[in-house]
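K.L.:
Below are the sequence and a predicted model for it; my questions follow.
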Amino acid sequence: MLEKLFGIFSKKQFSYIESSTLDLQKDLISYPALAIIRKLKSSGWDAFIVGGAVRDLLLNVKPKDFDIVTNASPHQIKSLFRRSRIIGRRFRIVHVYVGNDTIEVSTFRKPNVSNSFDSYGRILRDNVFGSIEDDVKRRDLTINSLYYDPISERILDYHDGISDLKKKQIVVIGKIKERLIEDPLRIVRIIRIAAKLNLTIPRQLKNVMRGTGILLENLPKARLSDDLLKLFVSGKSLQGFNYILELGLDKHIFPNLGLFSSEKKKGSANLKKDGFIYSALKNLDVTVGNNESISMSFIFAVLFWEKISRLKMSYVEQGVSDYIGMQRATSEILQDINQNFYFQRKHIAGVRELCLLQTRFSKFLGKSPFSLIRHARFRSALKLLELRVKLNEVKIETVVWWDKFHKCPDGEKIQMVNIMRGKTGQRRSSKKRKKRKLSST
Ligand code: ATP
Ligand code: MG
């Protein structure tokens, strides 16, 4: 009885907003999400789109994914959808498949129960079903705790998320420090979401993020890497990376990144305009903005290039070839970084390839240039070559030569190689002449 009364009382604090009074872009809702909600509701359950999708719809941004929450249990959800599967260890959710789409449907869940934290204060268990009022408390940000029922066209806004969204500010639900300690990944989520949507991170929140950043070192590598990858492909990687630097999080996220001071603006933690990494991230954001495909290996190769390149130089100075030097440097640096950062095998292989391909850009003769331009990673490798001009490692003329070489017709290609042979061949033949002279004496 008391619980019921409390329920009524607590519900009164929540505001229900007719979505028609807001600028919510209904046509950006995916058909599968709508269909699932319709089915759940017609079966007597409550069902909402929740989290980032509602936030994005209100900002006229196409949501990346649609998360649905309901008061039906995983088994009840599963029984409604023929093409569905219960997944998850820590928390059981249901994947519902509609056409080629997979939509995550979860049951309302309670925030942590007692004794479910580790010695750092991090959540260990997060798997108790609850009511919508419970569910809202476990969400990270006010703008991520909006529940939208597209059938009744109402939004439940438990934490004034809509007002924060209008103010374009990030507000953490509950006590900031506690919430960041409980799950330090939220630090990266805040950066990612603020960068993606041009939202402000208030100074006080930034201070807490700076202070709790060290906890990122204890996060499971795969979890941290997943969210960082999302940041890099968000189209706002430059802003996001600058936040990471400004808040001193780089040393916790990539302890071995060893960003060179030449990359940073004087007297500031931010990236220097037109530096190597600045330019790479800027180009990356343009590529994402144009909906062109991007390569994660390329991003990693850029981030770690300076370290790899310097180590390679030291090997070359010891007398090994460019190729062997590069091979050794790439393996060592990647192994070192892999201790803190989770790389998929394909990304490691990709970074290695991109670095090794750099050594082939100085070979203009014979079959080498022809096979190089046919390499699957040639374009990415050329992009990296172009960026290296910023580090004075490569002359712009070399980049122009390769760009022209891969675009021009075959006949012209042969001509270009012949011209190079003319230039370099003279030196060769004089060497050969010297050799002959020596052998005849
Ligand atoms: P994106 O645009 O990247 O999808 P998102 O906020 O939707 O951003 P999701 O990972 O899809 O991120 O998560 C969906 C929702 O789940 C979030 O909006 C938030 O309410 C909740 N959530 C996700 N991760 C956390 C977390 N670490 N702590 C608390 N709530 C979280
Ligand atoms: Mg989402």
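P.N.:
Perfect, thanks for sending it. Ligands and ions are numbered 1, 2, ... in the order given.
K.L.:
From here on, just use CA atoms for contacts and neighbour counts.
P.N.:
Fine.
K.L.:
Show the pLDDT at residue 191.
P.N.:
On the pLDDT scale, residue 191 is placed at 98.
K.L.:
Please apply the same query to residue 223.
P.N.:
89.
K.L.:
Just the element for it, please.
P.N.:
According to DSSP states H and E, residue 223 maps onto helix 221-232.
K.L.:
Just the C-alphas of that helix, formatted as PDB.
P.N.:
Output in PDB follows, covering the C-alpha atoms of helix 221-232 (Å, rounded to 0.1, in the frame of the first residue of the first chain):
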ATOM      1  CA  LYS A 221      40.200  -3.000 -22.500                       C
ATOM      2  CA  ALA A 222      37.500  -4.100 -25.000                       C
ATOM      3  CA  ARG A 223      34.800  -1.900 -23.400                       C
ATOM      4  CA  LEU A 224      37.000   1.200 -23.500                       C
ATOM      5  CA  SER A 225      38.200   0.500 -27.000                       C
ATOM      6  CA  ASP A 226      34.700   0.000 -28.300                       C
ATOM      7  CA  ASP A 227      33.600   3.400 -27.100                       C
ATOM      8  CA  LEU A 228      36.700   5.100 -28.300                       C
ATOM      9  CA  LEU A 229      36.200   3.600 -31.800                       C
ATOM     10  CA  LYS A 230      32.700   5.100 -31.700                       C
ATOM     11  CA  LEU A 231      34.300   8.500 -30.900                       C
ATOM     12  CA  PHE A 232      36.700   8.200 -33.800                       C
END
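K.L.:
in it, what counts as buried?
P.N.:
221, 224-225, 228, 231-232 (16 or more other C-alpha atoms under 10 Å).
K.L.:
can you check stretch 391-399 too?
P.N.:
For stretch 391-399, a neighbour-count test (16+ other C-alpha under 10 Å) marks 394, 399 as buried.
K.L.:
again with stretch 346-366
P.N.:
Neighbour counts over stretch 346-366 (16+ other C-alpha under 10 Å) mark 347-348, 350-359, 361, 364-365 as buried.
K.L.:
now, which of those lie within helices?
P.N.:
347-348, 350-358 (DSSP state H).
K.L.:
lowest confidence element among the helices and strands of the protein?
P.N.:
Ranked by mean pLDDT, DSSP states H and E, the helix or strand of the chain with the weakest confidence is helix 2-12, at a mean of 40.
K.L.:
near ligand 1, which residues of the stretch 1-150 of the chain?
P.N.:
By the rule C-alpha under 6 Å from any ligand atom, the part of the stretch 1-150 of the chain lying against ligand 1 is 51-53, 64-65, 138-140, 144-145.
K.L.:
near ligand 2, from those residues?
P.N.:
With C-alpha under 5 Å from the ion as the criterion, those include 52, 65 near ligand 2.
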